[in-house]
Each structure stands twice: as C-alpha cells, then as structure tokens.
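got a sequence here, can you build the structure:
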Amino acid sequence: MIALLAIAVLVGIYNFVDFGASSAAAPAGTSAGAQAKKTPQLTDSTLDPRLRTDILAASQSKKYETGRNIFRMEEVKLEAVNTPVRKDYTVEMPPTPTPTPPPPPINLKFYGFASKPNEAKRIFLDDEGEVFVARQGDIVERRYKVIQINNTSVVIEDVLYNNRQTIQVTAR
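Predicted coordinates for the structure are as follows:
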C-alpha cells in the first residue's frame, strides 16, 4: 500500500512539475524540416501575421465624409425650433409644507437626589412607577440623556427626537 502511494506521488510530481525541459524544443533525433511538416497550416486569413498591403491601401483610400473634424472641439449647432410661446399660462404655487409635529414630551419626573462627598451628583427619575438612578451624561431607558444636574433643575435630552427639556427640582 505504501509502495503504491509512493509511486502515485512520483507520477503526480512528474506530470505537474517542469524539470527545465521546454515544450517548444524539438526532440533529439528529429530534424527541423520534419517538425515544420507537423505544424498545422492556418486556413483563416485573419490570423495570418504577414503584412497585407492591399488591405492597407484600401483603408488609406477611404475618405472621411461627414465634414466634422474629430480632432477639433466645436460646438454642435442645433436647429431652431419654431414653436409659439404661450403667454396665457398660470403659475401654480407649490403646496405649503405641513409643519412637523412637535416632539413628544419627556415623561420623566424628578424623584430625588443622592450625593456623596468627592462623587458626582446622582439624581432619581421616575417614569410611571419605575425609578432610575443617573449621573450627568448617563442615558436612561436607552432614550433620555441627562445633560446637566443643577440644584433647581435637571436638563434632559431625548436622543431620538433631539429635544431638550428642563425638569424642575421639587420637594416631595
């Protein structure tokens, strides 16, 4: 089994690796005349690499008959259109755009403060019975960002509608 595998590997290497022999070189013992006899003759004249002076002369004798110089930039002249201009037209004004509705109000309510020395001030916000604790810069409910916390008010931004609202701090 190993011997067969080794032979298969050697045959594969021999078939796929070029050992420096050119496929264009004539094998030893054959003459150049014998190899020339083996090359197929071209039957299609379009693949003939020889210079065909008759075709070259025919292409040189053709005249460019449009009168336009393709090597010079010229403006294309258009024919004038003789259509009367209507003077009894009316101008329609575009419809007035409907105003965009105002953004929805922020429903967060102030609930209280929490502060410790050497820490940022925290605020408690109530949203229909659910209480959130946030610092300045935090985002509440993945929608509202606490912009600024003061002693008298809290500025909150609705990041979905880019709307800012100030919530007054009230004692409960």
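
C-alpha from now on. contacts and neighbour counts both.
Noted.

so where is the chain shaky, pLDDT-wise?
18-46, 64, 66-68, 85-89, 171-172 (pLDDT under 70).

show me the helices in it, by range?
Remark: helices of the chain, listed N- to C-terminal, are 2-16, 32-38, 53-60; assignment by DSSP state H.

closest to S115 out of the ones you listed?
Distances from S115 to each of the helices of the chain were compared by C-alpha to C-alpha, and the smallest falls on helix 2-16, at 79.0 Å.

ranges for the strands of the protein?
With strands called from DSSP state E, the chain shows them at 109-114, 122-127, 130-135, 139-140, 144-149, 153-158, 163-168.

okay if I get those as TSV plus mean neighbour count and distance to D54?
As requested, those are arranged in TSV below (neighbours: other C-alpha atoms under 10 Å; distance: least, C-alpha to C-alpha, whole Å):
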stretch	mean neighbour count	distance to D54
strand 109-114	16	96
strand 122-127	17	94
strand 130-135	15	91
strand 139-140	17	84
strand 144-149	19	84
strand 153-158	18	82
strand 163-168	15	82
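
out of those strands, nearest to V17?
Each of these was scored for nearness to V17 using C-alpha to C-alpha, and the closest is strand 139-140 (66.3 Å).

what pairs with that closest one, parallel or antiparallel?
On the basis of DSSP bridges, the sheet neighbours of strand 139-140 come out as strand 144-149 (antiparallel).

got a list of contacts for the partner strand?
By C-alpha atoms under 8 Å, 6 or more residues apart in numbering, the list of residues contacting strand 144-149 from outside reads 121, 123, 134-140, 154-159.

can you do 7 Å?
Strand 144-149 is touched from outside by 135-139, 154-159, with contacts defined as C-alpha atoms under 7 Å, 6 or more residues apart in numbering.
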